[in-house]
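>>> sequence and predicted structure are below.
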Amino acid sequence: MTQLTIAMGKGRTADRAMKLFEQVGIRFSDYHDKSRKLVIYDDDNKVKLIFVKAVDVPTYVENGAADIGIVGKDTIMEDPVDVYELMDLGIGKCIVAVAGFPEKEFTNGAPLTVASKYPTIAKDYFNGQGIRVETIKLNGSIELAPLIGLADVIVDIVETGTTLKENGLVVLEKIADVSARVIVNKASYATKTSQIQQFIGDLKAALE
Ligand code: PRP
C-alpha cells in the first residue's frame, strides 16, 4: 500500500528534488521531464507523487490531499497555511527582491506602485518601512511592468538575475533568501510519524 503522498510543482525544482529522492532510494522510473502524467508511483510503491501547480502545493498539504509538499519558501511567505515546515532542502535557492530601474528611489510621497506575484510580501515589506504602496497582482512576466509604465518597481524572485539584466532592471533591495521547503500535513504527521520522520531523516542524511 502507498504510504506517503507527496505534492510538488513541475520544473526546475522538481528535477532537483527527483535527484534527491533517488539519492535516498526513492526512484520514479515513470518520470521524465516531458511527461504529462500527474500521478506517479515509486518503484517500491511506497510513495505517490502528485504534480500540482506550485502555488497550490500548500493547499493540497493543508487539506490532507498530500501528506508532504515540496514548495518554495516564497509561496509559503505569500500565503501562509496551517502545516508543519520541517526542512529546508537547499535547492531552488533564490532571493525575493525589489527590482526596478537603476537608482530608483522610494519616497514617502505618492504611493509606490508595485507589481508582483507576491502582493502580500510586497505590501508587508514596504509597510514595514513606512512606505505606502499600491500593489498590482500579476501572474508572470513581472519584469515587463516597469518597462511599460504599469508599475514603479516589482517584487519578484531572482535566481540567476538574467531576466532582470536582459530587461535593463536591477535588484534594488533584497527582501529574503528563499529555497524549497518540505511541508507536512499536521494530521499526517500524527498518524504517519515514523514514515515521515524516516523520509525527512533520509533527506537530511543525503544532504550532509
Ligand atoms: C521567474 C521569476 C523571474 C525569473 C527569475 O519567472 O518570476 O521572472 O524566474 O529568474 P532568473 O533570475 O534566473 O532570470 P518564471 O521563469 O517562473 O516565469 P514567469 O515570468 O512566467 O513567472
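Looks like it came in fine.

>>> how about the residues of the protein near the ligand?
Proximity of the chain to the ligand (C-beta under 6 Å from any ligand atom) is limited to residues G140, S141, I142, E143, D156, I157, V158, E159, T160, G161, T162, T163. For glycine as for every other residue, the C-beta is placed from the backbone atoms N, C-alpha and C.

>>> same thing but 5 Å
G140, S141, D156, I157, V158, E159, T160, G161, T162, T163 (C-beta under 5 Å from any ligand atom).

>>> mean pLDDT per helix and strand in the chain: which one sits at the bottom?
Between all helices and strands in the chain, the lowest mean by mean pLDDT, DSSP states H and E belongs to helix 12-23, at a mean of 90.

>>> partners of the following helix or strand past that helix in the sheet?
The first helix or strand that comes after helix 12-23 along the chain, using DSSP states H and E, is strand 39-41. If you go by DSSP bridges, strand 39-41 pairs up with strand 47-51 (antiparallel).

>>> off-centre distance for the strand it pairs with?
Distance of strand 47-51 from its chain centroid, counting by C-alpha atoms, centre = their mean, to the nearest Å, is 17 Å.

>>> show the subsequent helix or strand relative to it.
With elements assigned by DSSP H and E, the helix or strand that comes after strand 47-51 is helix 57-62.

>>> other SSEs contacting the helix or strand following that next one?
As assigned by DSSP H and E, the chain's next helix or strand after helix 57-62 is strand 68-72. Applying 3 or more C-beta pairs under 8 Å, 6 or more residues apart in numbering; DSSP states H and E, one finds that strand 68-72 makes contact with strand 4-8, helix 12-23, helix 57-62, strand 180-184.

>>> out of the residues of the chain next to the ligand, which end up buried?
Neighbour-count burial (16 or more other C-beta atoms under 10 Å) applied to these gives D156, I157, V158, T163.

>>> just checking, the last one is part of a helix?
I take that to be T163. Yes. Counting by DSSP: H, G, I helix; E, B strand; the rest coil, T163 falls inside a helix.

>>> for this structure, give me the ranges with low pLDDT.
Within the chain, the stretches with pLDDT under 70 are 1-2, 107-108.

>>> got the domain ranges for this protein?
Using automatic domain parsing, the domain parsing of the chain gives 4-92+179-207, 94-178.

>>> what's the end-to-end length of the longest one?
Same thing as domain 4-92+179-207. This stretch, domain 4-92+179-207, spans 21 Å end to end (C-alpha to C-alpha, to the nearest Å).

>>> find the centremost residue of this structure, please.
Residue closest to the average C-alpha location in the chain (C-alpha atoms, centre = their mean): G72, at 2.0 Å.
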